[in-house]
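# Please work out how this folds:
(one chain, ligands or ions: 2)
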Amino acid sequence: MYSYLSLALMIYILGVLGSRGSAQDVSKLSLKYYDKSCPNAQQLVRTEMECAVRENPRNAALMLRLHFHDCFVQGCDGSVLLDDTETLVGEKKASQNLNSLIGFDLVDRIKNQLEGECPGVVSCADLLAIAARDAVILVGGPYWDVPVGRQDSKTANLEKANTDIPAPTQNLFALVTNFLGKGLSVQDMVALVGSHTIGMARCVNFRERIYGDFRATSDSDLNSMAYLSKLQSLCPERGHDNKLSPMDYVSPNMFDNIFYRSLLNGKGLLNSDQEMYSSFTGIETAKLVKTYAADPLAFFKHFSDAMVKMGNITNPEGGEVRKNCRFVNT
Ligand code: HEM
Ligand SMILES: *[C@@H]1O[C@H](CO)[C@@H](O)[C@H](O)[C@H]1NC(C)=O
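Ligands and ions are numbered 1, 2, ... in the order given. Take a look at the predicted model:
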């Protein structure tokens, strides 16, 4: 009787451990995941990214942002890439994505290369993680190894995309709360926002700032006022919502720490960016902005660590390896 019981207990414990182990394997990322199944995966992504960034450096920004918007909704599972269909509501119409998120054709191009080399092996979520890393290096930023093994979701979540992707109008408290909720620290957030050292924002996203507190935060010197009037002529109080301006006006195509120096001068384009330095509640974030403005290597180190952490947000539902990043497999 006693031995039956202990045997049953043993089996039960093994069963629990066993299933825990395999459940973890689904979400556990590794550097070697494609070493046997698709040894050229990384190289293929790199080659396509080199070509795309040479053609237009903005492509680097597009891939970096896609990875971010992917990871903040259900984890990094390629959900951001799904098109709307009769049976699936995608995330492309979310408030922060609509008329804003682009680069899906470049994703398709990279995916085609991967499918040609090793069909059905490399997930779209991993594609984005690798492409985002390559994007950063190709415009002068740091290198980091990208853990892989993510699965693509079979679902998307428009509501979550609306609530969880940060908006430029949010105050520092809301932004910090959001990042903490994703397992990312204040330091991770300030470093990751350094992504805005590349890429563009639309007038509709910085209008309130340039007709609002820009004067109050900036050092009202000639240089700042010339910058402000340039922004205002590009982005009038009404209309021209989609006119573009770089978020780092000094070196928009270089991944460097100049973005943070502009925040010290109060010249952040997005209100959310300037909040990191100018918010009354941002003692810790302001300190980090100063650190990164003074020390590009500290920025690079914290940024790459934070990118690995962000890329580590997994979707516990698991999924599949999509053949076409825009649609779940049939
Ligand atoms: C505090 C949180 C953040 C907010 C409020 C925010 C907001 C924005 C906004 C409003 C734009 C311009 C979009 C448009 O006008 O169409 C933008 C662009 C961009 N964001 Fe963020 N962002 C945040 C964090 C991040 C993070 C964590 C990353 C990457 C890890 C990132 C990467 C980018 C890039 C690369 C662009 C330029 C895209 C392009 O050129 O099209 N952002 N962001
Ligand atoms: C990534 O997530 C796993 C659990 O899924 C955890 O063990 C690991 O420490 C995480 N790594 C980083 C860098 O956050």
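
# got a list of what residue 198 touches?
57, 58, 60, 61, 64, 139, 247, 248, 252, 253, 254, 255 (Cβ atoms under 8 Å, 6 or more residues apart in numbering). Backbone N, C-alpha and C define where each C-beta goes, glycine included.

# What is the neighbour count of the residue lying closest to residue 104 once chain neighbours are set aside?
Nearest residue to residue 104 in three dimensions, chain neighbours excluded: residue 81, at 6.6 Å (Cβ to Cβ, 6 or more residues apart in numbering). Using other Cβ atoms under 10 Å as the criterion, residue 81 is surrounded by 30 other residues.

# What of residue 212?
12.

# And it, how far from ligand 1?
15 Å (Cβ to the nearest ligand atom, to the nearest Å).

# Ok, residue 47 next?
Following Cβ to the nearest ligand atom, the distance that separates residue 47 from ligand 1 is 21 Å.

# what's the spacing between the one helix or strand that residue maps to and its chain's center?
Using DSSP states H and E, the element containing residue 47 is helix 41-55. On the basis of Cα atoms, centre = their mean, to the nearest Å, helix 41-55 sits 18 Å off its chain's mean C-alpha point.

# same deal with stretch 43-59?
So, by Cα atoms, centre = their mean, the centroid of stretch 43-59 is 17 Å from its chain's centroid.

# One more: stretch 94-109?
The answer for stretch 94-109 is 12 Å, by Cα atoms, centre = their mean.

# Report pLDDT for the residue lying closest to residue 327 once chain neighbours are set aside.
Nearest residue to residue 327, sequence neighbours excluded (Cβ to Cβ, 6+ apart): residue 83, at 6.5 Å. Reported pLDDT at residue 83 in the predicted model: 98.

# Check the secondary structure at residue 83 for me.
Taking DSSP: H, G, I helix; E, B strand; the rest coil as the rule, one finds residue 83 in the coil state.

# give the contact list for it.
90, 92, 326, 327.

# Just the ones of the residues you listed in helices?
Judged by DSSP state H, the contacts of residue 83 include no members of helices.

# Next, find the distance separating whichever residue of the stretch 151-300 of the chain sits closest to ligand 2 from residue 68.
Across the stretch 151-300 of the chain, the shortest distance to ligand 2 (Cβ to the nearest ligand atom) belongs to residue 183, at 7.7 Å. Going from residue 183 to residue 68 by Cβ to Cβ, to the nearest Å gives 14 Å.

# okay, now the residue of the chain found nearest ligand 2: neighbour count?
Ligand 2 sits closest to residue 312 of the chain, with a gap of 3.7 Å, by Cβ to the nearest ligand atom. Neighbour count for residue 312, taken as other Cβ under 10 Å: 18.

# which residues does the residue nearest to it when sequence neighbours are not counted contact?
Among residues not flanking residue 312 along the chain, residue 29 sits closest, at 6.4 Å (Cβ to Cβ, 6+ apart). Contact analysis of residue 29 by Cβ under 8 Å, 6+ apart lists 147, 148, 149, 150, 311, 312, 314.

# Looking at residue 183 and residue 68, which one has more neighbours?
Ranked by neighbour count (other Cβ under 10 Å), residue 183 and residue 68 place residue 68 first, with 20 against 11.

# give me phi/psi at residue 115?
Note on residue 115: backbone dihedrals following degrees, to the nearest 10 are phi -70, psi -30.

# how far away is it from residue 241?
37 Å.

# For the two, work out which one has more neighbours and name it.
Neighbours around residue 115 and residue 241, counted as other Cβ under 10 Å, are more numerous at residue 115. The numbers are 17 against 12.

# Tell me how far that one lies from residue 145.
24 Å.

# can you pull the contacts of residue 80?
Residue 80 touches 66, 69, 70, 73, 91, 92, 97, 101, 156, 161, counting by Cβ under 8 Å, 6+ apart.

# Name the nearest of the contacts of residue 29 relative to residue 203.
Proximity of these to residue 203, judged by Cβ to Cβ, is greatest for residue 311, which lies at 31.0 Å.

# what's the closest non-adjacent residue to the closest one?
residue 129 (4.8 Å).

# quick one: secondary structure of that neighbour?
Going by three-state DSSP: residue 129 is helix.

# sorry, back to before: hmm, who's touching the helix holding residue 47?
34, 59-60, 63, 106, 109-110, 113-114, 117-118, 121-122, 126-127, 130-131, 134-135, 138-139, 146, 148.

# So which bits of it are buried?
41, 42, 44, 45, 46, 48, 49, 52, 53 (16 or more other Cβ atoms under 10 Å).

# Dump the residues you listed into TSV; add pLDDT as well.
Converted to TSV, these look like this (pLDDT from 0 to 100):
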residue	pLDDT
41	98
42	98
44	98
45	98
46	98
48	98
49	98
52	98
53	98
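
# Kindly present those as CSV, with separate columns for distance to residue 232.
Shown next, in CSV, are the buried residues of helix 41-55 (distance: Cβ to Cβ, whole Å):
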residue, distance to residue 232
41, 46
42, 44
44, 44
45, 40
46, 41
48, 39
49, 35
52, 33
53, 31
